[in-house]
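> Sequence plus the predicted model coming up.
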Amino acid sequence: METNGESPYGTDIYTEPDGDPDTIANLGPLAPLAGIWEGSKGVDVHPAVDGAEENEFVEHYELQPIDRQTNGPQLFYGLRYHTHIVKPGEVETFHDQIGYWLWEPATNTVTFTLAIPRGQVLLAAGPAAPDATTFEVTAAVGSETYGILSNPFLDQAFRTLSYRMVVTVNADGTWSYEEEAQLVIPGRDEPFRHADHNTLTRIAPPTPNPLAQGAAGAAAGDTSLGIGSLRNPDGAAS
Ligand code: HEM
């Protein structure tokens, strides 16, 4: 990619790169994460009135490829995720979380978004080599780029100062994460370390992203699934 010496994006902020229709082939260090996963060895430590509470949990984590995304010259390949967590043998949601894992090949950066139904969102990122088997993303409250936003009650009572998640892809095909959020709680001397970890085993492969499905259909001579028809319900070239 052309650079102007300071930015990897050059000076033209409007022109979009072509990119590849096949997201799974362009996910860098996120490639081994694509698919549907389960893990029953999760451990959570969260704040409780008398200090901390620790629970085991069972997790179902879906990571599905999305079509490449551009911001002018910036190009991302990514996975949309949803993780749903319960305590062993229970139906009630213990934790629910959605967002995106994004890979930017031009800058070797992993970007991560998180939204949880406590009324809290964050955007985190970290550097990674394309073939890295471990990488880390971080966010800090107050940052205007990789920051954390909480609803007013949480911001006052359980203020999340920072967030960190480390992912490790294991040799046996599973992957593990360790994450922590530092929470400032009124009346406590030090931030509370709200920590979670789990190891996930694949139970189903990913579904190819829409553009990849379209390209595969076109290659097989299936005009009903062509890229043009995905963009245009008439099937006419767009
Ligand atoms: C596996 C992941 C997680 C699990 C199982 C989990 C679970 C929990 C539980 C059980 C509580 C206590 C709820 C209560 O007593 O009302 C809690 C509190 C909290 N969690 Fe998490 N959590 C997870 C990840 C996260 C993440 C990633 C964040 C944000 C970055 C987060 C932010 C908070 C906050 C701000 C609180 C304090 C609110 C409260 O205690 O009511 N959690 N979490």
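The structure has been received and is ready for your questions. Source: prediction; values computed, not measured.
> which stretches of this structure have low pLDDT?
Applying pLDDT under 70 to the chain flags residues 1-6, 223-238.
> 90 instead?
Confidence mapping of the chain against pLDDT under 90 gives the ranges 1-7, 214-238.
> Secondary structure of residue 217: a helix, I assume?
Yes. Assignment of residue 217 by DSSP: H, G, I helix; E, B strand; the rest coil places it within a helix.
> For residue 138, which non-adjacent residue is spatially closest?
Counting by C-beta to C-beta, 6 or more residues apart in numbering, residue 138 lies nearest to residue 164, which is 4.9 Å off, once chain neighbours are set aside. C-beta here means a position set from N, CA and C on the backbone, and glycine is covered the same way.
> what sits up against the helix or strand encompassing the one you found?
Using DSSP states H and E, residue 164 sits within strand 159-169. By C-beta atoms under 8 Å, 6 or more residues apart in numbering, the list of residues contacting strand 159-169 from outside reads 29, 32-33, 112, 114, 120, 122, 124, 133-141, 148, 150, 154, 175-185, 191.
> Flag every residue of the protein that's near the ligand.
Counting by C-beta under 6 Å from any ligand atom, the chain comes close to the ligand at 44, 46-47, 57, 85, 94-95, 114, 116, 118, 120, 122, 154, 158, 160, 163, 179, 181, 183, 194, 196.
> re the thing from before, list only buried entries from the contacts of strand 159-169.
A residue is treated as buried here by neighbour count (16 or more other C-beta atoms under 10 Å); on that basis the buried members of the contacts of strand 159-169 are 29, 33, 112, 114, 120, 122, 124, 135-141, 148, 150, 175-177, 179-184.
> in the protein, which spans are helices?
Listed in chain order, the helices found in the chain under DSSP state H are 152-157, 210-219, 227-231.
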